[in-house]
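# Next one to model:
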Amino acid sequence: MLCDNCKKRSATVHITKIINNSKVESHLCNECAQESGEMSLAGFSVDNKFSVQDFLKGMFNYGFVEAPQAKTEIACSNCGMTYSEFSRSGKIGCSVCYSIFGERLEPLLRRIHGSSAHTGKVPRRTGGLLETKQRLKRLKQELERHISREEYELAAKVRDEVRSIEKMISEHSKEQE
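Numbering: from 1, shown residues only. Okay, the predicted model is just below:
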C-alpha cells in the first residue's frame with residue numbers, strides 16, 4: 001500500500017481517527033507521518049524502534065506517576081522504631097507504636113486478622129455458655145431495635161429466639177447446682 005500523501009513510498013503508519021462519529025483512515029510513510037506531526041500527536045517517535053516490550057510497558061505504566069519518597073520517616077517517640085524497621089521485622093517495638101503508625105497499621109491488621117480491634121479468646125471450660133450469653137445480649141439489642149422501628153413481626157421472631165436461649169441458660173445453671 002502506498003502513502004496517501006506522497007504516493008511514492010510504502011505506507012508504514014496507519015492512523016484511524018473518529019471525527020463526529022465518522023471514521024477517517026490515513027496510511028502514511030514514515031517521512032510524511034513525521035512531517036504532518038501525526039506521530040508526535042500520538043506520542044510515538046518514528047526514529048525509535050518500537051517493540052512489543054515498549055508497547056506492554058506503556059500499557060501497564062500508562063498514567064502511572066510514581067509518588068516521591070518521603071525524606072523523613074515516621075519513628076516512634078517512645079522506642080525509636082521506624083516504620084521501615086517494622087515492615088522488615090513484622091514486629092511492633094512498643095505499645096506507643098500502635099498510635100504512631102496507626103494509619104498505616106489499620107489496613108494491614110484488617111487484612112491479616114479481619115479486624116483492627118483485638119477481641120480475645122474465650123476459655124474452653126465456660127466458652128459455650130459465655131458465647132451463648134453474648135449472643136443473647138446481641139439478640140436483646142436487636143429486639144429493641146425492631147420494636148423502636150415498629151417491625152413487630154421481626155421483633156416477635158427475635159423475642160422467641162431470646163426466650164429459647166434464656167430457657168437453655170436457666171436449664172444449664174440448674175444442672176450446675
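# where exactly do the strands run in the chain?
Ranges of strands in the chain, per DSSP state E, are 13-19, 22-28.
# what does the domain assignment say about this protein?
Per the record, the chain has its domains at 13-61, 72-120, 124-176, by automatic domain parsing.
# how far away is Pro5 from Ile18?
Wrong residue type there; residue 5 is Asn, not Pro. With the distance defined as C-beta to C-beta, to the nearest Å, Asn5 ends up 20 Å from Ile18. Glycine gets a C-beta too; all of them are placed from N, C-alpha and C.
# and what of Glu144?
The spacing between Glu144 and Ile18, counted by C-beta to C-beta, is 61 Å.
# Looking at the two, which is more packed in?
Glu144 (12 against 8; other C-beta atoms under 10 Å).
# just to revisit the earlier point, in TSV: the domains of the chain, plus distance to Met1 and mean pLDDT.
Compiled in TSV, the domains of the chain are given as follows (distance: least, C-beta to C-beta, whole Å; pLDDT from 0 to 100):
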stretch	distance to Met1	mean pLDDT
domain 13-61	6	69
domain 72-120	54	79
domain 124-176	72	87
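# phi, psi of the closest residue to Cys79 other than its chain neighbours?
Distances taken as C-beta to C-beta, 6 or more residues apart in numbering put Gly93 closest to Cys79, at 3.8 Å, once the chain neighbours are dropped. When quoted as degrees, to the nearest 10, the phi and psi of Gly93 stand at phi -70, psi -40.
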